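Chemist: Model the structure of this input:
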Amino acid sequence: MGMILLMEKFIYIVVVYSLQMAYGDTSYFNDTIYVNSTGNGGINFANGTYGASILGDSACLVTGSTGISAGTIQFKNMVQSATSSNSITASGSVLFNVYSNSFLGKVNFTAPNLIVKSTTFGDSTSLTKTGHTLNNTWDGANIYNGVVTITNGNTSTAYVKLASQNADTYNKDVYFNAGSGAIQAANAGTNIYNGNVIVNGNNVTFNTSGGTLKFAGEENQEFGGGTNTLTFNKLIVDKAGGNVTLNQPITIDSLLQLTSGIIYTDTIITLKATATSTGASNQSFVDGTVKKIGNTAFVFPVGDEGQWNPIEITAPSQISDAYIAKNYLNQQTYGNTKDTSIQRLNTCSYWTLTRSAGTSKVYVKLFWDSLRCGLYDTSGLGVSSWNGTKWEDLGNGGMNGNVLSGEITSDTTSSSYIAFTWAYRTSSNAIIDIAISPILNLGPPAWNHSISEDYFGYNGANILDAGQYYSDLASDPNNFNLPVLKNKGISTIRLNGGTFGNYWDWRTGWFIPEDNLPFDWYYTRLSHKREIPNHAPGDPFVNDMSLFKISNDIVGGRPIFQLNSMTSSFNYEVASLYRAGELNLPVKYIELGNEFYLGDEQFKERFPSSLDYINYATEFTDKLKGNCSFFRYQSCCCRSLHSQWNTR
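Modeler: Next up is the predicted model:
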């Protein structure tokens, strides 16, 4: 039969024998439970098969006036429905056995020995081991719904081993504090971390057994706190939203699985010879440095500025060999001295690849994608390596793909391992005069017809090299791109072309400052966060429309004005067309946004469906026609990669 206790306070003092509470049935406590234990018998809640305790009203657990200095205190099958705080502290060699409970209020348990399993904590929780004699092993299956701090405060080497049998779940931030005694976390199963993981001390590990740490939170998460290298058995990044920032070097024994969420780090991620990496994509990769030890081929899952851009090596000869890689989505800064067989270097990305151990020489495979760093053509493409004084031509040992995406392997190994990029070699046909016929010949005569001279055009963003502006084209008559612009048959040029046009301020010719973005948005690409390039007072901005006009006049055609449909307003964008009129730039074509079919979260938030975009475009053009009858509307932003219209 159960017991209902309604008195104001209860003090249990144990001298020799064990006190058994809620042994065989459910007992109800509606006020503070003061716990005292000065004898070896200890106190057991729910030690029987059907025992349980309900902590209702303002019931909570508190250390009594005589304290807890001996025995074992078992808190089992407790359900706290109140939000009162629980605070129990013990000394001596006391053991707290916390088993199959649910606490709604805050919890602060401190004891020489502490074992916690199968318990749900609803609020902030602090669990501290102070004893230095016994190791404490927690079976796991604990759920922490509030911020939790787990501390091994002993001054010797006794450890706390977490999740030894079943995985734990951390739904908020977790703090691991370890001194000379270790905290061994994530020993079994897949341990879920939905908040930040803060590590204090140099004695916290995640690889003692075969468990997995999984970042799965809906928001950005951070990991680390110290400077020493932390070791994982398996690390999975599969987040519902946001990314992960690693503030501490880590080493992985077995697996790095990248599914959803980018890892940002200014330190280094090391994969041992036994470790593999799987699943990297534009949705999940490492924006930082990755080191691989071993004698197997490896694809480094690196990228930069929100874009996955891997680099692959063939198998080194020794298991102790090691290579370190990082990707940069910008032009290399080593210099332009190169083999005579190289005509032109990649100007939008490069990789550092250094050999940190061993003497093996590996072949290198580079990747490209039109979303991050595209090609003019694949003809004559090769791999190039910086040897300290010049870029070497490593040739083409095999290539797959096309200008949209592909991969190329070096034909020879490098004399040194510093930096790599792809290059157009002397035999390249990538840089050619463009001859375009105004007649479209498709087959039978009935299919053939003349096409408008402004059917073909240039994407304005692609006539500029990385780090180059319209002011550079305007001031350098010998610029490489200008002769290309003079090709006959091309009579249009697109202003603000590309997805960055969705964040563009036409007045400054640069990205809208992040703190001026609507909807509390923030930039996910570092390039968008860069400050407006310096310009002298009174001079136009480096991408001012008046400077764009010089390039457009060389083409001798009509621009396509891509208006910012994401982060700007109707009136502000229409003002750009009036500015074009002031400069005698013909206003014939406009484009409302770009590439909203891509999976960017902000794109989907702004236009959840094609119908939302159509409604926006219809309203915009109706207003535009009412203000400016000489504009003709052109929409090009709902086309998929397979040229199927209005798909996402």
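Chemist: ok, now which ones touch Ser102?
Modeler: Counting by C-beta atoms under 8 Å, 6 or more residues apart in numbering, Ser102 touches Met78, Val79, Gln80, Thr119, Thr120, Gly122. For glycine as for every other residue, the C-beta is placed from the backbone atoms N, C-alpha and C.
Chemist: out of these, who's nearest Ser156?
Modeler: Proximity of the contacts of Ser102 to Ser156 was ranked by C-beta to C-beta; the top entry is Thr119 with 26.5 Å.
Chemist: Tell me how many other residues crowd the closest one.
Modeler: By the criterion of other C-beta atoms under 10 Å, Thr119 has 22 neighbours.
Chemist: what do you get for Val542?
Modeler: 19.
Chemist: Now do the nearest residue to Asn177 once chain neighbours are set aside against Val199, distance only.
Modeler: Nearest residue to Asn177 in three dimensions, chain neighbours excluded: Thr151, at 4.1 Å (C-beta to C-beta, 6 or more residues apart in numbering). Going from Thr151 to Val199 by C-beta to C-beta, to the nearest Å gives 12 Å.
Chemist: do the same with Thr421
Modeler: Thr421 is 37 Å from Val199, by C-beta to C-beta.
Chemist: Would you tell me what the next helix or strand after the biggest strand by length in the chain is?
Modeler: If you go by DSSP state E, the chain has its longest strand at strand 250-260. Downstream of strand 250-260, the first helix or strand assigned by DSSP states H and E is strand 263-265.
Chemist: Now the helix or strand just after that next one: buried residues?
Modeler: Under the assignment DSSP H and E, the closest C-terminal helix or strand after strand 263-265 is strand 269-271. Buried residues in strand 269-271, counted by 16 or more other C-beta atoms under 10 Å: Ile269, Thr270, Leu271.
Chemist: now these as JSON lines including distance to Glu573 and pLDDT?
Modeler: Conversion of the buried residues of strand 269-271 to JSON lines gives the following (distance: C-beta to C-beta, whole Å; pLDDT from 0 to 100):
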{"residue": "Ile269", "distance to Glu573": "43", "pLDDT": "98"}
{"residue": "Thr270", "distance to Glu573": "48", "pLDDT": "98"}
{"residue": "Leu271", "distance to Glu573": "48", "pLDDT": "98"}
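Chemist: Tell me the one among the residues you listed nearest to Thr289.
Modeler: Closest approach between the buried residues of strand 269-271 and Thr289, by C-beta to C-beta: Ile269, at 7.1 Å.
Chemist: Leaving out the residues flanking it, which one is nearest to the closest one?
Modeler: Val290 (5.1 Å).
Chemist: and the one you found, how many neighbours?
Modeler: 26.
Chemist: Asn534 now?
Modeler: 8.
Chemist: Would you mind measuring from it to Trp510?
Modeler: Taking C-beta to C-beta, one finds Asn534 at 11 Å from Trp510.
Chemist: Let me see the contact set for the residue nearest to Ile269.
Modeler: Ile268, Ile269, Thr270, Leu271, Phe300, Pro301, Val302, Ile324, Ala325, Lys326.
Chemist: switch to 7 Å and redo it
Modeler: Ile269, Phe300, Pro301, Val302, Ala325 (C-beta atoms under 7 Å, 6 or more residues apart in numbering).
Chemist: Read off the pLDDT value for it.
Modeler: Model confidence at Val290, expressed as pLDDT, equals 98.
Chemist: Phi, psi for it please.
Modeler: phi -120, psi 130 (degrees, to the nearest 10).
Chemist: What's the separation between it and Asn309?
Modeler: Remark: distance between Val290 and Asn309 (C-beta to C-beta) = 12 Å.
Chemist: Arg579 now?
Modeler: Distance from Arg579 to Asn309, by C-beta to C-beta: 36 Å.
Chemist: quick one, which of these two is more surrounded?
Modeler: Neighbour tally, Arg579 and Asn309, criterion other C-beta under 10 Å: the higher count belongs to Asn309, 25 against 16.
Chemist: was I right about Thr38 contacting Gly71?
Modeler: No - contact between Thr38 and Gly71 fails when scored by C-beta atoms under 7 Å: they sit 8.2 Å apart.
Chemist: more neighbours, these two?
Modeler: More crowded of Thr38 and Gly71, by other C-beta under 10 Å: Gly71, with 23 against 17.
Chemist: Apart from its neighbours in sequence, what residue is nearest the more buried one?
Modeler: Excluding the flanking residues, the one nearest Gly71 by C-beta to C-beta, 6+ apart is Gly42, at 2.9 Å.
Chemist: contact partners of stretch 161-175?
Modeler: 135, 137-149, 183-198, 200, 208, 211.
Chemist: Endpoints of it, how far apart?
Modeler: 15 Å (C-alpha to C-alpha, to the nearest Å).
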